[in-house]
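Asks: I need the structure of the sequence given here:
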Amino acid sequence: MSSAKPRKSTPAERRSLAMSLPPLPDADQSAIAAFLDAIWAESGLAQQTLDSYRRDLEGLARWRGGRDGGLAGADRATLFDYLAWRAREGYSPRSNARLLSALRAFYALRLRRGERSDDPTALLEPPRLPRSLPKALAESQVDALLAAPDIDSPLGLRDRAMLELMYAAGLRVSELVHLPATAVNLRQGVLRVTGKGGKERLVPLGEEAQHWLERYLAQSRPVLAGKRALAPLFLGTQGEAPSRQQFWQLVKRYAGAAGIDPARISPHGLRHSFATHLLNRGADLRALQMLLGHSSLSTTQIYTLVAREQLKQLHAKHHPRG
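Replies: Reported below is the predicted structural model:
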């Protein structure tokens, strides 16, 4: 008897399967729209989170095909069957955990509004997620990456300023590309950042980032803005702020030019490097939490594991008995 495991479907096959499912029933579409409006009003979730919730709920609704009350009428057994089906189809534990988060929010709202008498997600266990450490660059790699843009062109100077600022201030990509010009206070050397949940924090710029920001504001931004009074700090050739995806493509291109393996780069690579390098040089964990804009210290503590792992590698490489 063969003991071979069944082959899991590829992402392309799963997308094809999703397209072959029944169209989204009108009742489910209305229920999802009402839920997203309500949760945005209550919690002010980011658009990216709302889009993820929409996709997850629409996936279940299509899988249900309007049967037995559709999405709103699903019971615990149905949700369990759907999660089991996704696991068989090869969806990752992280993807299923996000789905369960969306389902819990959806049914909790219906329970609060008296539209259900029970919560079908109550006894569903989230999948166990592997603990992945953020990938931080070495300080020499950061230097090479920051030096990669051509600072003789307006866009190259802009890119240098963006990279320097992200590393100096530990910004998220979304925070960086959405910065308004009014967020910068060059006289005081600080940046006002609006993070997750609309929380504001003040972050020091540092001499290098301030230098490149001043050059960008004096030499590059006026060229990109022309005679237009534009709100974003960083501009493209059409006067628009770069998107997260555009900035990510820039980082990958500059990483290649700097001789850095693309596998060592993540969208938040400079943010992770900022945190790790500060800890390596003795920064206080509570101060780092404030700089990163983390609501919980436990989120910041993962960087202590990164720093510890790098110290182990350094010891193994250079100690005579490593």
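
Asks: give me the neighbour count for Gly70.
Replies: Neighbour count for Gly70, taken as other Cβ atoms under 10 Å: 19. All C-beta atoms are positioned from the backbone trio N, CA, C, and that covers glycine.

Asks: actually Asp26, not the one I wrote
Replies: Neighbours of Asp26 (other Cβ under 10 Å): 10.

Asks: poorly predicted segments of the stretch 51-200 of the chain, please.
Replies: Along the stretch 51-200 of the chain, segments meeting pLDDT under 70 span 127-134.

Asks: can you tell me the closest non-neighbouring residue to Leu123?
Replies: The shortest distance from Leu123 to any non-neighbouring residue, by Cβ to Cβ, 6 or more residues apart in numbering, is to Arg76 (6.5 Å).

Asks: where does that neighbour fall, phi/psi-wise?
Replies: phi -60, psi -40 (degrees, to the nearest 10).

Asks: now do the contacts for it.
Replies: Arg76 is in contact with 120-124, counting by Cβ atoms under 8 Å, 6 or more residues apart in numbering.

Asks: list the buried residues for stretch 40-60?
Replies: Across stretch 40-60, burial judged by 16 or more other Cβ atoms under 10 Å covers 45, 49-50, 52-53, 56-60.

Asks: of all those residues, which comes closest to Leu176?
Replies: Comparing those against Leu176 with Cβ to Cβ places Thr49 closest, at 18.3 Å.

Asks: what strand or helix carries the closest one?
Replies: Using DSSP states H and E, the element containing Thr49 is helix 47-64.

Asks: and that helix, what does it pack onto?
Replies: Helices and strands touching helix 47-64, by 3 or more Cβ pairs under 8 Å, 6 or more residues apart in numbering; DSSP states H and E, are helix 26-43, helix 76-88, helix 93-112.

Asks: repeat that with 7 Å
Replies: Packing partners of helix 47-64 (3 or more Cβ pairs under 7 Å, 6 or more residues apart in numbering; DSSP states H and E): helix 26-43, helix 93-112.

Asks: what comes up buried for the shortest one?
Replies: By neighbour count, and taking 16+ other Cβ under 10 Å as the criterion, the buried residues in helix 26-43 are 28-29, 31-32, 35-36, 38-39.

Asks: save those residues as JSON lines, and put in pLDDT and distance to Ala275 too.
Replies: Formatted as JSON lines, the buried residues of helix 26-43 follow (pLDDT from 0 to 100; distance: Cβ to Cβ, whole Å):
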{"residue": "Asp28", "pLDDT": "88", "distance to Ala275": "41"}
{"residue": "Gln29", "pLDDT": "90", "distance to Ala275": "41"}
{"residue": "Ala31", "pLDDT": "91", "distance to Ala275": "40"}
{"residue": "Ile32", "pLDDT": "93", "distance to Ala275": "36"}
{"residue": "Phe35", "pLDDT": "93", "distance to Ala275": "35"}
{"residue": "Leu36", "pLDDT": "93", "distance to Ala275": "32"}
{"residue": "Ala38", "pLDDT": "92", "distance to Ala275": "35"}
{"residue": "Ile39", "pLDDT": "89", "distance to Ala275": "30"}
